[in-house]
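S.K.: Sequence first, then the predicted structure, then my questions.
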Amino acid sequence: MSKVVVAMSGGVDSSVAAALLKQQGYDVTGMMLRLWSETGKEESNRCCTPDSMALARRVAAKLDIPFYVVDAKDIFRSIVVQSFLDGYARCVTPNPCVVCNQRIKWDFLLNHALAHGADYLATGHYARKQALQDGKWQLLRAYDHSKDQSYVLHVLTQEKLAKALFPVGEYSKPEIRKLAGTFGLPTATRSDSQDLCFLAGEDYRGFLQRNAPEIGVPGPIVNHEGKKLGEHQGLAFYTIGQRKGLGVASLTPLYVLSKDVATNTLTIGEKEELGLRDLIAREVNWISGEAPKESFRAEVKTRYTAREAWAEITPLENNRSGINTFSLRVLFDVQQRDITPGQAAVFYDRDVVLGGGMIDKSAYSQNMI
Amino acid sequence: MIDHIYLDYAATTPLDPRVLNAILPYFSEKFGNPSSIHRYGQQAEAAVESARQIVATELNCRPDEIVFTSCGSESDNLALRGTALAMREKIGANWILASRAEHHAVSKTAMQLEEHYGFQVEWLETDQFGTISAETVENAICKETAIVSVMYANNEIGTINPVSEIAAVCRRHNIPFHTDAVQAAAYLPFDVQVLNVDMMSLGAHKFYGPKGVGVLYVRKGTPIFPFQTGGGQEAGLRAGTQNVPYIVGFAEALRLTKEERGQRIDNVRPLRDRLIGTILEEIPGSRLTGHPVDRLPNNCSFAFKGVDGNLLLTLLDAAGFACSSGSACKTGSPEPSEVMTAIGLSREWGLGSLRVTLGAGTTPAHIDAFLKIIPSIVQQARTLTRENQG
């Protein structure tokens, strides 16, 4: 009997994942990562509250599977939260879920599961995988495109994908809720989690102010002509495309266009000025393990919630050896709004996730990020 | 669970089938309330009073010195809270003396008394083995002392304290002395006249009785107030309808424990010694915690350098061995326990504690199987711990 460790969060998706695997005859063990706790906010941190832990425990008891909480606080703080803070310090908008999947779930926890004698690590991600003739694996979008989470999984390698299971990826969200009811799981009616787990439900700006107060250095807000329109509270508190909270009076809505670290300047403008046609992505991971040598066309997603857009992808000359240092240029067919350094650009061939990397900057705006 | 080997008898023990037989009738046909006037009540009261007599005989005390409670922790709470308040009212005493290595049932109660009731706590320092000496108590005790509480044997590291010597000090100063004997009772003599204690806490599930029932022995004349008030049961010290079946079970389990003590010790002690010896010999970066000689005959406790104890436990469980740790915490938020800190272990050692406790179901084959896998599991845990620290 194959042994599988399921990463449980106390939510409905990972609970059903565990139930499905159990039903399919796997030897299932539940594990929950203890990732974060900020003094005084233990109760509101969505994913590792005593409440979610108790729920996950009840699910495990209902399924009659062993359940362990795995302490990952140190590594989560030193890697995921630190890169989140560092990212904002560099004025990019980091995606800690990508880092967490790469370094915590599909590295630390995977090793933990393997040390436990597991053959597989399963999660409640909405994604699928598929075997190819040559023994390689493909990562696919979820059956339910509206819930697809393959974006954060673009960091997987062949070795890791071989050991990954995504039991809920074949179902739609309503089907998963229904299954949770059928299995009699106490998580059936639990609401979906939103936002970043360690933000404890609050805006990231408050988190930054508490954990990296040095980030908030005020500076000028200007338009594209360089005319000063106001004062910002620190570049980290603004995101490309942001409209609310700029504190600038105007007849038409104004948006954040770019952030210049060197001069600590925030440039804003009208909707029409927003958007770029290209971007540079670095540290690209190719799920096949093989980097393309020629330009090719693919659909590209630049945010977890963004729609895919067609683009031409061109590997850059200055590649160092090794796949993870790979960088490339993405030229979109039409201008894209909200291209944000720090987020991931993920490449798709229909349902197949080819890979992805971190958006570094846009080629047309060399001095801006 | 069939393939699992249980090595956590200090956490709890399975119910002895003989005890189960004794208590079953009191769930069904003999279901009366001991406080009722009618014959149903009389039958239940007879069962409770006969259980009280059995316990009194085994502890060598009077039946009216036995208070049935819901568990060992409740007994500790009653002793500390009840006597501290009574002693303050009686002689104005305001100090609580307790060992640094006490179970939370004692230490957290003492802390609450300090925080919310205006008492002051003096924590008695242990030596490197977790032992509290009579001399330490002698140096700390004074006219202002309301109660002294020092456990009989430590739940984590198994160290046995010189309870009768400490009791003699307290007797000389005329200060009430309480001992938490919850871990000790399964293997050590519990004659309260020999031990010379004023109060002693026991819990049935540590010696093959049911969970949910305990006893506080209270020597006649010891100042004590109830903290659960109501119907006046248990001589007014613990209100609430008695849990008749469990009380019957407590008495039967205690009786069997005393009767079979010798053979139970003979079963576990040689296995314990082999387990301790082999681990210290074969695992680098390991040390015994607790006293090498004055320790419970079923307790093996260790510290492993640079190992996350919780992680070690999950790996052991996955491999089929149920053990425990000094930092046992199911929420995955490990901190070294107070006991590990009290015996002077650094965080690097204190987080990596392992408690292996043997019992009636333990066989030499279990120990062989455990010793076969433990070196590689510690190694594995060490590697993973290093990874987590990033």
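M.R.: Structure's in. What do you need?
S.K.: Every contact and neighbour count from this point should use C-alpha atoms.
M.R.: Noted.
S.K.: contacts for stretch B:123-136?
M.R.: B:97-101, B:137, B:140, B:150, B:154, B:157, B:159-162, B:165-166, B:169, B:289-291, B:339, B:342-344 (Cα atoms under 8 Å, 6 or more residues apart in numbering or on different chains).
S.K.: From these, list the buried ones, please.
M.R.: Among the contacts of stretch B:123-136, those buried by neighbour count (16 or more other Cα atoms under 10 Å in any protein chain shown) are B:97-101, B:137, B:150, B:154, B:157, B:159-162, B:165-166, B:169, B:289-291, B:339, B:342-344.
S.K.: what residues does chain A put near chain B?
M.R.: Contacts of chain A with chain B, taken as Cα under 8 Å from any Cα of the partner chain, map to A:34, A:50, A:53, A:68-72, A:74-75, A:78-79, A:108, A:111-112, A:115-116.
S.K.: Which of the residues you listed are buried, as a ChimeraX select command?
M.R.: Command for ChimeraX that selects the buried part of the residues of chain A next to chain B, burial taken from 16+ other Cα under 10 Å:
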select /A:34,50,53,68,69,70,71,72,74,75,79,108,111,112,115,116
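S.K.: What about the residues of chain A next to chain B, which are in strands?
M.R.: A:34, A:68-71 (DSSP state E).
S.K.: Below-threshold pLDDT in the stretch 101-250 of chain A: ranges please.
M.R.: Scanning the stretch 101-250 of chain A for pLDDT under 70 picks out A:193-195, A:200.
S.K.: All the strands of it, residue numbers only.
M.R.: With strands called from DSSP state E, counting those that start in this stretch, the stretch 101-250 of chain A shows them at A:120-122, A:127-131, A:137-141, A:164-165, A:219-222, A:228-232.
S.K.: For B:Pro226, find the nearest of those.
M.R.: Between B:Pro226 and those, the shortest separation by Cα to Cα is 53.0 Å, and it involves strand A:120-122.
S.K.: now for the closest one, which elements pack on it?
M.R.: strand A:3-7, helix A:110-115, strand A:164-165 (3 or more Cα pairs under 8 Å, 6 or more residues apart in numbering or on different chains; DSSP states H and E).
S.K.: rerun that using 6 Å as the cut-off
M.R.: strand A:3-7, strand A:164-165 (3 or more Cα pairs under 6 Å, 6 or more residues apart in numbering or on different chains; DSSP states H and E).
S.K.: neighbouring strands for the last one, and are they parallel or not?
M.R.: If you go by DSSP bridges, strand A:164-165 pairs up with strand A:120-122 (parallel).
S.K.: Determine the longest helix present in the chain.
M.R.: Went with chain A since none was named. Longest among the helix segments of chain A by residue count, using DSSP state H, is helix A:50-63.
S.K.: I was thinking of chain B, sorry if that wasn't clear
M.R.: Longest helix in chain B, counting by DSSP H: helix B:364-388.
S.K.: So which bits of it are buried?
M.R.: So, applying 16+ other Cα under 10 Å, buried residues of helix B:364-388: B:366-367, B:370-371, B:374, B:377-382, B:384-385, B:387-388.
S.K.: Does that helix reach chain A?
M.R.: Yes: judged by Cα under 6 Å from any Cα of the partner chain, helix B:364-388 and chain A are in contact via B:Asn388.
S.K.: Ends of stretch B:15-33, what's the gap?
M.R.: End-to-end distance for stretch B:15-33: 24 Å, by Cα to Cα, to the nearest Å.
S.K.: now that stretch, how far from the chain's geometric center?
M.R.: Averaging C-alpha positions (Cα atoms, centre = their mean, to the nearest Å) puts stretch B:15-33 25 Å from its chain's average.
S.K.: re the thing from before, please identify the deepest-packed of the strands of the stretch 101-250 of chain A.
M.R.: Ranked by average neighbour count under the criterion mean count of other Cα atoms under 10 Å in any protein chain shown, those are headed by strand A:120-122 at a mean of 26.
S.K.: Which residues does that one contact?
M.R.: Strand A:120-122 is contacted by residues A:4-6, A:163-166 when judged by Cα atoms under 6 Å, 6 or more residues apart in numbering or on different chains.
S.K.: Check the residues you listed against A:Gly356 and report the nearest one.
M.R.: Relative to A:Gly356, and with distances defined as Cα to Cα, the nearest of the contacts of strand A:120-122 is A:Ala164, at 18.2 Å.
S.K.: in the sheet, who's paired with that closest one?
M.R.: Counting by DSSP bridges, the residues bridging with A:Ala164 are A:Leu121.
S.K.: Okay, now the unreliable bits of the stretch 251-369 of chain A?
M.R.: In the stretch 251-369 of chain A (pLDDT under 70), the answer is A:317-325, A:362-369.
S.K.: Which parts of it are strands?
M.R.: For the stretch 251-369 of chain A, applying DSSP E, counting those that start in this stretch gives strands covering A:255-260, A:265-269, A:276-286, A:296-301, A:309-315, A:326-336, A:344-349, A:352-361.
S.K.: Could I get those strands in TSV, plus columns for mean neighbour count and distance to B:Ser324?
M.R.: What follows is these, written out as TSV (neighbours: other Cα atoms under 10 Å in any protein chain shown; distance: least, Cα to Cα, whole Å):
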stretch	mean neighbour count	distance to B:Ser324
strand A:255-260	22	54
strand A:265-269	25	56
strand A:276-286	22	42
strand A:296-301	20	48
strand A:309-315	19	54
strand A:326-336	19	47
strand A:344-349	25	43
strand A:352-361	25	44
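S.K.: and of those strands, who's closest to A:Ile221?
M.R.: strand A:265-269 (4.7 Å).
S.K.: And the helices in chain B?
M.R.: B:17-23, B:39-59, B:72-91, B:104-117, B:134-140, B:163-173, B:192-195, B:244-259, B:261-282, B:309-318, B:338-342, B:347-350, B:364-388.
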